[in-house]
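Participant: please find the sequence and the predicted model below.
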Amino acid sequence: MNRVCLMIIMAVTTYLVRMIPFTAFRKKITNPFFKSLIYYLPYAILSAMTFPFIIYSADCIPAAVAGLVIGSFLGLFERSLVEISLATSAVAFIVWFFLK
């Protein structure tokens, strides 16, 4: 139940962050600072909400960190989400298996 609540909170937060600029600013935004703020804010909020969950999701923190590192590395090389998910899960399981 706790995970469902977190997912709902993330969805509402992401929606609000994307909706508020449309309702608050009627004219086109020309300020580069506000343009970059509006662009990066949803990613920053979503990262801040999901990062702790990734680290503490497994009962073995080193396994979760290994999965996070591999997932981040593959994401930098723009691999597909399926590949990232499978590789991250496999690495986390292998590390967990050897540490337990």
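Facilitator: Everything's here; your move. Not measured: the values here are computed from a predicted model.
Participant: point to the residue nearest the middle of the chain.
Facilitator: The centroid of the chain falls nearest to residue 47 when counting by CA atoms, centre = their mean (4.2 Å).
Participant: so who does it touch?
Facilitator: With contact set as CB atoms under 8 Å, 6 or more residues apart in numbering, residue 47 has no partners. C-beta coordinates here come from the backbone N, C-alpha and C atoms, glycine included.
Participant: sticking with it, tell me its helix or strand.
Facilitator: Taking DSSP states H and E as the criterion, residue 47 maps to helix 32-56.
Participant: quick one: mean pLDDT for that helix?
Facilitator: Here helix 32-56 scores 85 as its mean pLDDT.
Participant: which is the next helix or strand following that helix?
Facilitator: According to DSSP H and E, the helix or strand after helix 32-56 is helix 61-76.
Participant: tell me the angle that next one makes with helix 32-56.
Facilitator: With axes from the mean of the first three to the mean of the last three CA atoms, to 10 degrees as the basis, helix 61-76 and helix 32-56 are set at 140 degrees to each other.
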